[in-house]
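Novice: What shape does this take:
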Amino acid sequence: MAANQSALKSVDNTKPHYDGPIFDSDTHIQEKDYSFFAKYLPEKYHAEWMPQRKHAPDGRFVLYIGDTPIENADLQEDGLIPPPGKLKEWLRAISTGKAVAASHKVTPDMNELGPRLAKLDEFEVDGSIMFVGEFVSSFGQIMLKAEERGSEGANALFHAWNEYLVNEWGLNADDRIYTTAILSLHDLDWAVQEAKWLVENGVRVVVMPMGPAHGKSPADPSFDPLWQVLNDAGVVVTFHVSEANFMHSVIREWGELPLQSRKSGQTAWQWMFAYSEIPVMMTMANFVYWNFFERFPNIKMASVENGAEWLPRFLYKMDKMRGMARSGWWPMGQLKERPSTIFKRNCFVVAYPEDDIKGIVDQLGGDASCILMGSDYPHAEGVARPRDFVEEGCKGLTPEQIEQIMFSNGRRMLPKGRNGLVA
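Specialist: Model prediction:
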């Protein structure tokens, strides 16, 4: 649906206005508890793989995966969470080392389909992508356990989550909510079969760990059987901020420890170099340089909750390094176009509301075509209501640029319909 011209109004550069439709590319489930896993995870995996909240030996109340505590998942025993959309308070809390007060009860719209659809109506959201909640903090540890104990349990755990989505949310709820099933390259045979099952159940978006797998590029031809399944169905592949396990060896080389508490253990150096921006840049550039999108043109990719201020320099450097390597080794052949052109046609980036989005767009020559908005609802570090993103992040943009970011870019990435293939 195209926004009408009345939606494209801008009062002035300091207080932009937009009353058109919204596509929210970063929302979350807030897991009330993990009792549903007992229904979907076979009992033989419960001891080693069942997610649960309990006290660690040091007294902290944390998420466990079986017998393994997740160090970066500090929780409230009373079940309260920080209020949604307390972005400014969250940023102040980060700077002082204090947590945003957990004073908000988990409401039905955070973990039930019907109430979430009603919340989207309240928010005037046309479409949204919904990611896992605190469970995402366990991905790094799950992949380590898979390496140590074999992939069977991790496969069962991820399938249990996906089955929960299929049965209790649906993978595509009336083109309003696209839930993100989990896939991973750690076991290709499993991933191919899981992808086929997901496609049969209407999947539109998946979330995957960043980085390589088994010492190979994710775009290596050995993984093509998975990508072909996703390409044939026009599935969007997302890389949401989470643990980048391939950076662990780098962290240790610098004398630090990975998988530490985000609040009290992760160092500033890790925040800067081993988490979020750099891992996602390495991952997405690898897909471009390996000619992935020439082989799989129906797959779109998105970086989610990694910010966007890195984007202009990233595109410039990708183009420059193509020139530097013109006579070098190109694993899947030379690119026929500039890397930046390939990226902007096939990839999207969810901006933070606190990003200098006007500065980003200006550095891209006024091109806002690959930038998405995300409220992060119901998390504290986003905006309380998706439309608040306009005032928080879109100052100085033209009405057309605001409409692209708030709606049409998201709908171009995820057009309405059974699958994402577009004539």
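Novice: For the closest residue to Asp376 other than its chain neighbours, which residues are in contact?
Specialist: Using Cβ to Cβ, 6 or more residues apart in numbering and skipping the chain neighbours, the partner closest in space to Asp376 is Gly382 (2.6 Å). (Each C-beta comes from the backbone N, C-alpha and C, glycine too.) For Gly382, the contact set (Cβ atoms under 8 Å, 6 or more residues apart in numbering) comprises 26, 84-85, 87, 353, 374-376.
Novice: Present the residues you listed as a markdown table; the columns should include neighbour count and distance to Glu294.
Specialist: Converted to a markdown table, the contacts of Gly382 look like this (neighbours: other Cβ atoms under 10 Å; distance: Cβ to Cβ, whole Å):
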| residue | neighbour count | distance to Glu294 |
| --- | --- | --- |
| Asp26 | 26 | 28 |
| Pro84 | 22 | 41 |
| Gly85 | 23 | 41 |
| Leu87 | 23 | 39 |
| Pro353 | 21 | 34 |
| Gly374 | 28 | 28 |
| Ser375 | 29 | 34 |
| Asp376 | 25 | 33 |
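Novice: From the residues you listed, which land in strands?
Specialist: Among the contacts of Gly382, the ones falling in strands (DSSP state E) are Asp26.
Novice: Closest one of the contacts of Gly382 to Glu134?
Specialist: Lowest distance from Glu134 to the contacts of Gly382 (Cβ to Cβ) belongs to Asp376, with 13.2 Å.
Novice: ranges for the strands of the protein?
Specialist: Along the chain, counting by DSSP E, strands occupy 22-28, 51-55, 61-65, 68-74, 125-131, 172-173, 177-182, 205-207, 236-240, 300-304, 347-350, 371-372.
Novice: Show me what the fifth one packs onto, helices and strands only.
Specialist: Counting contacts by 3 or more Cβ pairs under 8 Å, 6 or more residues apart in numbering; DSSP states H and E, the secondary-structure elements packed against strand 125-131 are strand 22-28, strand 177-182, strand 236-240, helix 409-413.
Novice: how about a cut-off of 6 Å?
Specialist: For strand 125-131, the elements it packs on are strand 22-28, strand 177-182, judged by 3 or more Cβ pairs under 6 Å, 6 or more residues apart in numbering; DSSP states H and E.
Novice: okay, these in a markdown table with distance to Val199 next?
Specialist: Below are the helices and strands packed on strand 125-131 laid out as a markdown table (distance: least, Cβ to Cβ, whole Å):
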| stretch | distance to Val199 |
| --- | --- |
| strand 22-28 | 21 |
| strand 177-182 | 10 |
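Novice: Of the ones you listed, which is nearest Ala368?
Specialist: strand 22-28 (13.7 Å).
Novice: isn't Glu163 right up against Pro42?
Specialist: No - Glu163 is not in contact with Pro42 according to Cβ atoms under 6 Å; the separation is 10.9 Å.
Novice: between the helices and strands packed on strand 125-131, which gets nearest to Asn245?
Specialist: strand 177-182 (14.8 Å).
Novice: Show me what the closest one pairs with in its sheet, parallel or antiparallel.
Specialist: Strand 177-182 pairs in its sheet with strand 125-131 (parallel), strand 172-173 (antiparallel), strand 205-207 (parallel), by DSSP bridges.
Novice: I'd like those written out as JSON lines, with distance to His55 and mean pLDDT added.
Specialist: Formatted as JSON lines, those follow (distance: least, Cβ to Cβ, whole Å; pLDDT from 0 to 100):
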{"stretch": "strand 125-131", "distance to His55": "27", "mean pLDDT": "99"}
{"stretch": "strand 172-173", "distance to His55": "36", "mean pLDDT": "98"}
{"stretch": "strand 205-207", "distance to His55": "29", "mean pLDDT": "98"}
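Novice: got the ones you listed as TSV, with distance to Trp330 and mean neighbour count columns?
Specialist: Shown next, in TSV, are the strands paired with strand 177-182 (distance: least, Cβ to Cβ, whole Å; neighbours: other Cβ atoms under 10 Å):
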stretch	distance to Trp330	mean neighbour count
strand 125-131	33	24
strand 172-173	37	20
strand 205-207	27	23
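Novice: can you list these in TSV and add distance to Glu309?
Specialist: Shown next, in TSV, are the strands paired with strand 177-182 (distance: least, Cβ to Cβ, whole Å):
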stretch	distance to Glu309
strand 125-131	21
strand 172-173	32
strand 205-207	22
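Novice: Nothing else from me, thank you.
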